[in-house]
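>>> turn this into a model:
(one chain, ligands or ions: 1)
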Amino acid sequence: MSNYRIDTNCIHAGYQPGNGDPRVLPIVQSTTYTYETAKNMGQLFDLEASGFFYTRLANPTLDAVEQKIAAMEGGVGALVTSSGQAASLIAVLNICRAGGHVVCSSAIYGGTFNLFYKTMKEMGIDFTFISPDSTEEQIHQVFQENTRCVFAETLTNPSLVVTDLEVFSKAAHAHGVPLIVDNTFPTPINCRPFEFGVDIVIHSTTKYMDGHAVQVGGVVVDSGNFDWSNGKFPELTEPDESYHGVVYTERFGKAAYIVKARTHLMRDLGAQAAPQNAFLLNLGLETLALRMERHCSNALAVATYLQQHPKIAWVNYPGLESSKYYSLAKKYMPNGTCGVVSFGVKGGREAAVTFMEALKLASIVTHVADLRTCVLHPASTTHRQLNDQQLKDAGVSPDLIRFSVGIENPQDILDDLEQALQTV
Ligand SMILES: *Cc1c(COP(=O)(O)O)cnc(C)c1O
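As a prediction, the model looks like this:
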């Protein structure tokens, strides 16, 4: 499948039915798989043979979706998880034990920040947060002897910062560690991080990849490009006693990282996706290329319209030439960024609420990045406990509206914005 272009892979990669097989990827709703002999099964347990034996570790429906996403990103393998949160946890924990340290961009999704700053810190992993606009020199300064990876987001939720992937990957590689990025917002349709030196990609598949808001899920994808043998990653280069001393880099070569994520962490943490959810995710992936095109053209129309509107104070969209991140967006996402636009309505917090409640087509939800246009005013919802100064400190201005542009007719979205703006 790798010879096809990405929009063809969206539809066909991962599942090629044989003679008389179902045309559509089947949901294998079975926890377990039968074998003729104990020896057959024992070889699976010892990682000497590949095959399915328990759905916590692998399942044919999940496997097909994993192969599809790996093909779309251009990686050697993928692991689907129960959520984006689980993907971030597994991606880091796979190569960073207690006592380790992670260099992390401060512009990341709030849930990822909580996971790192609270839960993983309590597990004994230390994080240093740096500006996403850091130069290579500034990134070099925060490395420690125990640093095991660098983590960033390609296009950040909700601040829409474009991270300079080449700067981050060069800095990481100079210190012998991989760069992991969360590529949720652009999706592989708009950005292929492995082409810019990124080693591991994660996604919340809950967002555009699914696109219909019907399942929560995540995925970890391995480029296969990182050389783990520099002595910093004993978990990959030294025997794993729980598998009779297997050495992942020796047995699995370029796929060492992703095999270990499955056989070690998925085995122990049990954050696997449900087959039904993988099936729904696959349906979403089939139309992803088409949907992203429309999300981006609609969002650009919305951003352009808002930018010239007298009742709008400011607009943030990396696809606008006025954006600080326009040139980085053009470099890393030449065909478009994503469907999310943020802006401020003149009149601050109160005007923002009046405006949002007047919208008819756009619904008020905490979710982003699906085919229905939706809107959120953080200051009156997710961040409502904070006063104006505290909001500023958190990087959320009181008038900020996060507008997730769907794939409806663009004129209907613009009409909805216009009638709502007339109320403020
Ligand atoms: C939503 C989101 C996550 C978390 O994913 P869940 O599927 O909600 O667990 C991680 N990263 C980004 C960029 C997100 O938008």
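>>> ok and the residue in the stretch 151-300 of the chain nearest the ligand?
Residue nearest to the ligand within the stretch 151-300 of the chain: residue 204 (3.0 Å; CB to the nearest ligand atom). Just so you know, the C-beta spots here come from the backbone N, C-alpha and C atoms, and that holds for glycine as well.
>>> and that residue, backbone torsions?
Backbone torsions of residue 204, given as degrees, to the nearest 10, read phi -90, psi 110.
>>> got a list of what it touches?
Contacts for residue 204 (CB atoms under 8 Å, 6 or more residues apart in numbering) come out as 83, 84, 85, 87, 109, 182, 184, 217, 218.
>>> element containing the fourth one?
Same thing as residue 87. For residue 87, the host element (DSSP states H and E) is helix 84-93.
>>> ok now the next helix or strand after that helix, how far from the chain's centre?
Downstream of helix 84-93, the first helix or strand assigned by DSSP H and E is strand 101-105. Strand 101-105 has its C-alpha centroid displaced from the chain centroid by 17 Å (CA atoms, centre = their mean, to the nearest Å).
>>> packing partners of strand 101-105?
strand 126-130, strand 147-153 (3 or more CB pairs under 8 Å, 6 or more residues apart in numbering; DSSP states H and E).
>>> quick check: domain ranges of this protein?
Domain assignment for the chain, taken from automatic domain parsing, gives 6-283, 289-421.
>>> output the ones you listed in JSON lines; the columns should cover mean pLDDT.
As requested, these are exported to JSON lines (pLDDT from 0 to 100):
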{"stretch": "domain 6-283", "mean pLDDT": "96"}
{"stretch": "domain 289-421", "mean pLDDT": "93"}
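>>> what residues of the helix holding residue 87 count as buried?
By 16 or more other CB atoms under 10 Å, the buried positions in helix 84-93 come out as 84, 85, 86, 87, 88, 89, 90, 91, 92, 93.
>>> check those residues one by one and keep those near the ligand.
84, 85 (CB under 6 Å from any ligand atom).
>>> redo the buried residues of helix 84-93 as a markdown table? Include distance to residue 199.
Formatted as a markdown table, the buried residues of helix 84-93 follow (distance: CB to CB, whole Å):
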| residue | distance to residue 199 |
| --- | --- |
| 84 | 19 |
| 85 | 21 |
| 86 | 19 |
| 87 | 15 |
| 88 | 15 |
| 89 | 17 |
| 90 | 15 |
| 91 | 10 |
| 92 | 12 |
| 93 | 16 |
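>>> closest one of the buried residues of helix 84-93 to residue 362?
residue 84 (23.4 Å; CB to CB).
>>> right, and that closest one touches residue 184 too?
Yes. The pair residue 84 and residue 184 qualifies as a contact (CB atoms under 8 Å) at a distance of 6.6 Å.
>>> between those two, what contacts are shared?
In contact with both residue 84 and residue 184: 109, 202, 203, 204, 207, using CB under 8 Å, 6+ apart.
>>> show me which residues of this protein sit near the ligand.
83-85, 109, 111-112, 153, 157, 182, 184-185, 204, 206-207, 216, 218.
>>> how about a cut-off of 5 Å?
83, 84, 85, 109, 111, 157, 182, 184, 204, 206, 216 (CB under 5 Å from any ligand atom).
>>> who does the residue nearest to the second one when sequence neighbours are not counted bridge with?
Put plainly, it is residue 84. Nearest-residue entry for residue 84: residue 204, 2.6 Å, with adjacent residues in sequence omitted and distances by CB to CB, 6 or more residues apart in numbering. Beta-bridge pairing for residue 204 (DSSP bridges): residue 218.
>>> how close does residue 204 get to residue 83?
Going from residue 204 to residue 83 by CB to CB, to the nearest Å gives 7 Å.
>>> and the residue of the protein nearest the ligand?
For the chain, CB to the nearest ligand atom, closest residue to the ligand: residue 84, 2.2 Å.
>>> and the residue nearest the centre of this protein?
Nearest to the mean C-alpha position of the chain, by CA atoms, centre = their mean, lies residue 203 at 2.3 Å.
>>> right, and that one touches residue 184 too?
Yes. Using CB under 8 Å, residue 203 is in contact with residue 184, at 5.0 Å.
>>> any residues in contact with both of these two?
Counting by CB under 8 Å, 6+ apart, the residues touching both residue 203 and residue 184 are residue 84.
>>> which stretches in the protein count as strands?
77-81, 101-105, 126-130, 147-153, 179-182, 200-204, 218-222, 312-316, 340-345, 363-364, 374-376, 400-404 (DSSP state E).
>>> of these, which is nearest residue 269?
Using CB to CB, the strands of the chain put strand 77-81 closest to residue 269, at 9.1 Å.
>>> picking that back up, show me what contacts the residue nearest to the centre of the chain?
Taking CB under 8 Å, 6+ apart, we find residue 203 in contact with 69, 84, 87, 182, 183, 184, 187, 209, 218, 219, 221.
>>> do the same with residue 88
When contacts are counted by CB under 8 Å, 6+ apart, residue 88 touches 112, 115, 116, 151, 182, 202, 218.
>>> ditto for residue 215
Residues in contact with residue 215 (CB under 8 Å, 6+ apart) are 205, 206, 276, 277, 280, 281.
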